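1. output the structure for:
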Amino acid sequence: FDPDKIMLHTEDRALIMQNSKNTSQLYKMDLEKGKVIEEYSVGEDIPVVEFNPTSKFGQMTNEQTFLGISKNGLFKIDPRLSSKNKLVESEFKQYKTKTNFTAMTTTSFGNVAVASKTGEIRLYDRLGINAKTQLPGLGEEIKGIETSSDGRWVLATCKTYLLLIDAKIKSGKYANSTGFMRSFSKDSKPIPRRLQISPQHIAYMQQQTGNALDFTKAHFNTGIDAKETTIISSTGPYVVQWSLKKILRGDKDPYLIKKYVLNVMAENFKFGTDKNVILAMTDDVTMVNKKSFKKPTRETLVGQIGKNSIVKTIE
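-> I've put the predicted structure just below:
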């Protein structure tokens, strides 16, 4: 068994896992017992690309169902179904064309955003129907996607840049609604903001690592009733945070950077705050304070930071 993707479930008492050797099966691990207690079949011809809670904070509730995507479809999984196949047929949206879905996420209202290999993003108010909004891609695969809690902002991660999309409808009959609930008019679809590292800073980073940029999935700070203010991602040993306020007012370099000796595999904000960032390194898990990030300069991008800078190690 080679666990690939994992998701917290049912009040954080369980993990849903995927075995990379059989992507049509999912497994539920009871975290209190420390063992797999259930196995869910989605269908032999429906390999699961990604799975997600039914709403943004769904894993904090006792909600049993969860969502998933295949390359060409969206579906709900209900472990309570008596049949071997746990896919809910009434909420299964299968596309005949090659949509090549790669990532999905949900808002706190249960709206769904799905991204594709070509960079297209589809916004749904619920499963089982056509997308309310389809945003054209820039030609590069989207590795990960996230939304703000209220669905106003959509954040997509590509290999060398991030995309920030304002999903709020600004004018017309459906003003103040979002692209999840209503369709944008043809001439008012939002233009994504492309979040990039400046060429000068990239040159310093590549000089140190010898590798091109390759961003991990970006995240907003999040929490119940928390307002999204900051974005976090990483590439190699560099952790990068963007200020949403600076992005929206058009600052030239709206990001701060922190460099480590080891590569960072994944990162996210501590739940409910943007003050602390939890990092998964190749051999450690640490938490650092937001204030330790610095403006990108030759010194901050080239100099190395050891474990002395770690505020707290999570046991």
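2. need the helices for this structure, in chain order.
-> Per DSSP state H, the chain has helices spanning 199-209, 244-248, 298-302. These are given in chain order.
3. what helices and strands are in contact with the first one?
-> With contacts taken as 3 or more CB pairs under 8 Å, 6 or more residues apart in numbering; DSSP states H and E, helix 199-209 sits against helix 298-302. From N, CA and C alone the C-beta is placed, and that goes for glycine too.
4. quick one: contacts of the helix it packs on?
-> His201, Tyr204, Met205, Gln207, Gln208, Tyr238, Ile257, Lys258, Lys259, Lys294 (CB atoms under 8 Å, 6 or more residues apart in numbering).
5. pLDDT (mean, whole number) over that helix?
-> In this model, helix 298-302 has a mean pLDDT of 89.
6. same thing with stretch 82-102?
-> Within the predicted structure, the mean pLDDT of stretch 82-102 is 93.
7. which of the residues in it are buried?
-> By 16 or more other CB atoms under 10 Å, the buried positions in stretch 82-102 come out as Lys86, Leu87, Val88, Glu91, Phe92, Lys93, Thr99, Phe101, Thr102.
8. do the same with stretch 228-248
-> Under the neighbour-count criterion of 16+ other CB under 10 Å, stretch 228-248 has 228, 230-244, 247 buried.
9. do the same with stretch 30-40
-> For stretch 30-40, burial by neighbour count (16+ other CB under 10 Å) applies to Val36, Tyr40.
10. name the residues that touch it?
-> When contacts are taken as CB under 8 Å, 6+ apart, the neighbours of stretch 30-40 outside the stretch itself are 12-15, 17, 25-29, 77, 79, 86.
11. residue ranges with poor pLDDT in the protein?
-> Within the chain, the ranges that satisfy pLDDT under 70 run 303-315.
12. and the longest strand for it?
-> Longest strand of the chain, by residue count under DSSP state E: strand 22-30.
13. strands paired with that strand, and their directions?
-> Strand partners for strand 22-30, identified by DSSP bridges, are recorded as strand 14-19 (antiparallel), strand 35-41 (antiparallel).
14. any idea how far the shortest one is from the chain center?
-> Averaging C-alpha coordinates over strand 14-19 and over its chain gives two centres that are 17 Å apart (CA atoms, centre = their mean, to the nearest Å).
15. how about the CA coordinates for it, as CSV?
-> Output in CSV follows, covering the C-alpha atoms of strand 14-19 (Å, rounded to 0.1, in the frame of the first residue of the first chain):
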residue,chain,number,x,y,z
ALA,A,14,-10.4,9.9,10.0
LEU,A,15,-8.2,10.1,6.9
ILE,A,16,-9.4,9.4,3.4
MET,A,17,-6.5,8.0,1.4
GLN,A,18,-5.7,6.9,-2.1
ASN,A,19,-3.4,4.1,-3.1
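16. Ala131: which of the buried residues of stretch 82-102 is nearest?
-> Relative to Ala131, the closest of the buried residues of stretch 82-102 is Lys93; by CB to CB it sits at 8.9 Å.
17. now the closest one, nearest residue through space, not along the chain?
-> By the measure of CB to CB, 6 or more residues apart in numbering, the closest residue to Lys93 outside its immediate chain neighbours is Leu74, 4.6 Å from it.
18. quick one: residues contacting that neighbour.
-> Under the criterion of CB under 8 Å, 6+ apart, the contact partners of Leu74 comprise Leu67, Gly68, Phe92, Lys93, Phe101, Met104, Val112, Val114, Tyr124, Leu127.
19. restricted to strands, list those.
-> When strands are assigned by DSSP E, the members of the contacts of Leu74 inside them are Leu67, Gly68, Lys93, Phe101, Met104, Val112, Val114, Tyr124.
20. most neighbours, which of these?
-> With neighbours taken as other CB atoms under 10 Å, the top of the ones in strands among the contacts of Leu74 is Val114, carrying 27 neighbours.
21. doesn't Ile121 make contact with that one?
-> Yes - counting by CB atoms under 8 Å, Val114 touches Ile121, with 7.2 Å between them.
22. still on that earlier bit, CSV for the contacts of Leu74, including distance to Lys170?
-> Formatted as CSV, these follow (distance: CB to CB, whole Å):
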residue, distance to Lys170
Leu67, 29
Gly68, 33
Phe92, 34
Lys93, 28
Phe101, 28
Met104, 26
Val112, 22
Val114, 23
Tyr124, 21
Leu127, 27
